[in-house]
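S.K.: turn this into a model:
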Amino acid sequence: MPQKATYQFGLIGLGVMGRNFILNVAEKGFRALGYDLDQTQVKALQQAGGDLSKVNATTDLAVFVQGLESPRKIMLLVPAGAPVDAVIEKLLPHVEAGDLIIDGGNSYFTDTDRREGYLGPKGIHFFGAGVSGGADGARRGPSIMPGGDREAYVKVQPIFEAVAARYKEAPCVAYLGPKSAGNYVKMVHNGIEYGLMQLISEVYDLLKQEGGLSNKQLAAEFGRWNRGRLQSFLVEISAAIFGQKDPLGTGELVDAILDRAQQKGTGKWTSQNAMDLGVPVPTIDISVSMRAISAMKELRVAAQNRYTKPTAGEGRTGLVSDCEAALYFAFLLTYTQGLHQLSEASREYGYGLDLATVARIWRAGCIIRSAALEPIAETYEQQPDLSNLMLADAFRGPLQQASPAARRVAAHAVSTGIPMPALCSALSYFDAFTSGRLPMNLIQAQRDYFGSHTYQRVDRDGTFHTNWDGKAS
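M.R.: Numbering: from 1, shown residues only. Down below sits the predicted model:
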């Protein structure tokens with residue numbers, strides 16, 4: 001190990017994600033030094049990197065910090081929560097004023113604000129940078145979402161721009177705003193990810209059960225969709241998944257995988273915070289709930305044996321093309337919900353987000369990258385104050401044209417007992433948002449009846465209360 005500062009970038013946490021990210025940094029011409037308590041991870045990086053003068057690692061934290069040029073740029077890729085705080089505390093005796101600590105994990109945004117407030121008075125710069133793209137993206141080019149102290153970001157900007165994915169030569173990274181803006185954007189990114197994945201799984205289920213498509217046919221259809229308006233990372237990998245043979249059996253691997261989805265919390269955080277802000281994100285909400293329902297495998301099997309479902313249909317002409325249009329419709333509305341949440345959060349938390357920039361850095365590298373993000377970015381470029389994409393002229397036609405197919409698919413699923421709650425939620429969101437009048441007048445009357453919560457009228461100003469049952473209040 002070096003006895004003097006020779007490395008330009010440090011990374012703590014050399015699991016697959018961290019190792020791939022630091023190798024990406026070194027490959028782009030920046031000398032990088034890693035740290036991990038596990039000697040096996042250290043050796044794995046050293047072997048993968050080859051030239052130790054360009055990329056090296058150690059299990060000694062003091063040696064790690066001493067090996068970095070000042071001001072030190074140290075990125076953490078460790079599990080969110082207490083592990084981040086623990087690493088920060090271990091670093092503090094070794095770092096100096098002016099050094100920079102970057103949290104590259106999926107930390108909850110208020111934790112980022114707290115850590116910035118804790119480290120700032122000590123002279124240590126801190127900011128969160130969401131990183132999306134998985135292990136392969138970390139190695140080949142992720143989408144990076146940094147937020148915090150702009151002066152601190154400038155110190156690491158050349159490195160981030162070098163390692164980020166590129167869309168038409170533009171790096172998929174940009175300074176997003178102060179405080180926890182980066183971690184917040186990454187949180188909502190993951191909420192959108194939950195929604196898109198649930199929608200794809202629902203369409204797959206309907207096409208397999210009602211359409212009778214084989215995995216080979218599903219692979220072909222999803223591959224075709226990926227060459228059109230549904231071009232996206234998630235549709236692309238779904239096509240590949242359908243064609244993957246089972247190494248431990250016959251047939252395709254997808255059929256051998258247990259239908260119990262796991263989650264790490266970012267989708268739940270998105271949903272919870274949207275409710276705090278009063279922003280509707282129903283497709284994200286139900287996607288989180290469906291993962292929770294999927295975890296109840298034993299209960300689901302028991303319930304299945306107690307109830308009967310409608311007799312399966314015989315498929316329907318046009319089901320495949322309708323599913324493509326319905327998925328496109330719901331994809332657009334899931335992005336709409338997430339970006340609406342970002343718009344409201346930006347005002348509430350003072351982030352000053354540029355949603356065109358957010359959409360641009362999602363166009364490559366990240367899990368939710370898709371062809372739809374290019375017109376979304378262009379729309380926000382032209383209308384930076386737009387709060388909801390449904391009010392943009394560019395999306396009126398596509399949504400209107402695709403909505404009949406979404407209705408047919410939803411109706412077919414309901415009539416045959418196949419759960420498609422994410423698609424139905426997107427459709428209901430569309431219908432509610434395009435309704436100038438909703439039946440909430442009755443809800444407000446009910447609230448006034450039992451709780452004297454008052455109401456407003458459509459024909460005059462003011463606040464009113466009625467003694468509905470004639471009894472004294």
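S.K.: how about Thr454, what does it touch?
M.R.: 448, 463-465 (Cβ atoms under 8 Å, 6 or more residues apart in numbering). (C-beta placed from N, C-alpha, C; glycine too.)
S.K.: rerun at 10 Å
M.R.: Residues near Thr454 by Cβ atoms under 10 Å, 6 or more residues apart in numbering: 444, 447-448, 462-466.
S.K.: which ones among those map onto helices?
M.R.: 444, 447-448 (DSSP state H).
S.K.: for stretch 301-310, measure first residue to last.
M.R.: Terminal residues of stretch 301-310 lie 17 Å apart, using Cα to Cα, to the nearest Å.
S.K.: got the contact list for the host helix or strand of Ala86?
M.R.: Per DSSP states H and E, Ala86 falls inside helix 82-91. Helix 82-91 has contacts (Cβ under 10 Å, 6+ apart) with 10, 12-13, 35, 61, 64-65, 72, 74, 76, 78, 95, 99, 101, 103-105, 107, 111-112, 114-115, 118-119, 124, 126, 128.
S.K.: quick check: ChimeraX command selecting the buried ones in those.
M.R.: Only the buried entries of the contacts of helix 82-91 go into this ChimeraX selection, using 16 or more other Cβ atoms under 10 Å:
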select :10,12,13,35,61,64,65,72,74,76,78,95,99,101,103,104,105,107,111,112,115,119,124,126,128
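S.K.: cross the contacts of helix 82-91 against helices and list the overlap.
M.R.: Per DSSP H, these map to helices at 61, 64-65, 111-112, 114-115, 118-119.
S.K.: mind jotting down where the strands sit in the stretch 101-250 of the chain?
M.R.: Taking DSSP state E, counting those that start in this stretch to define them, one finds strands in the stretch 101-250 of the chain at 125-132, 143-148, 166-167, 170-171.
S.K.: list the buried residues for the helix holding Ala86?
M.R.: Buried residues in helix 82-91 (16+ other Cβ under 10 Å): 84, 87-88, 91.
S.K.: can you put those residues in TSV and add distance to Phe233 and pLDDT?
M.R.: As requested, the buried residues of helix 82-91 are exported to TSV (distance: Cβ to Cβ, whole Å; pLDDT from 0 to 100):
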residue	distance to Phe233	pLDDT
Val84	27	95
Val87	30	96
Ile88	33	97
Leu91	34	97
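S.K.: between those residues, which is closest to Ser428?
M.R.: Ser428 lies nearest to Val84 out of those, by Cβ to Cβ, at 38.1 Å.
S.K.: for the longest helix along the chain, give the mean pLDDT please.
M.R.: Scanning the chain for the helix with the most residues, using DSSP H, yields helix 319-349. Mean per-residue pLDDT for helix 319-349: 98.
S.K.: can you name the next helix or strand after it?
M.R.: Remark: after helix 319-349, the chain's next helix or strand is helix 355-361, criterion DSSP H and E.
S.K.: figure out the helix or strand that the residue nearest to Gly191 when sequence neighbours are not counted lives in.
M.R.: Spatially, and ignoring its direct neighbours in sequence, Gly191 is nearest to Thr270 (2.8 Å; Cβ to Cβ, 6 or more residues apart in numbering). Element membership for Thr270 (DSSP H and E) is helix 266-277.
S.K.: quick check: angle from that helix to helix 319-349?
M.R.: Interaxial angle, helix 266-277 versus helix 319-349 (axes from the mean of the first three to the mean of the last three Cα atoms, to 10 degrees): 60 degrees.
S.K.: helices and strands around helix 266-277, which ones?
M.R.: helix 109-119, helix 181-209, helix 282-294, helix 319-349 (3 or more Cβ pairs under 10 Å, 6 or more residues apart in numbering; DSSP states H and E).
S.K.: tell me the buried residues in it?
M.R.: Buried residues in helix 266-277 (16+ other Cβ under 10 Å): 266-271, 273-274, 277.
S.K.: any weak-confidence spans in this protein?
M.R.: By pLDDT under 70, the low-scoring segments of the chain are 1-3, 312-316, 472-473.
S.K.: what domains does the record give for it?
M.R.: 9-179, 186-433, 440-473 (automatic domain parsing).
S.K.: touching, Val254 and Phe242? I think so.
M.R.: Yes - contact status for Val254 versus Phe242: in contact at 6.1 Å, counting by Cβ atoms under 10 Å.
S.K.: farthest pair in the ones in helices among the contacts of helix 82-91?
M.R.: Phe64 and Arg114 (24.8 Å).
S.K.: distance from stretch 398-418 to the middle of the chain?
M.R.: 25 Å (Cα atoms, centre = their mean, to the nearest Å).
S.K.: for Leu11, which non-adjacent residue is spatially closest?
M.R.: Ile22 (4.5 Å).
S.K.: let's verify that neighbour: helix, strand, or coil?
M.R.: Under the three-state scheme (DSSP: H, G, I helix; E, B strand; the rest coil), Ile22 adopts helix.
S.K.: and it, what does it touch?
M.R.: 9-14, 30, 32-34, 45, 48-49, 55-57, 75, 77, 138-139, 163.
S.K.: just the buried ones from the residues you listed?
M.R.: 9-14, 30, 32-34, 45, 49, 55-57, 75, 77, 138-139, 163.
S.K.: from those residues, which land in strands?
M.R.: Judged by DSSP state E, the subset of the buried ones among the contacts of Ile22 located in strands is 9-12, 32-34, 55-57, 75.
S.K.: of these, closest to Gly350?
M.R.: Using Cβ to Cβ, those come closest to Gly350 at Met75, 25.0 Å.
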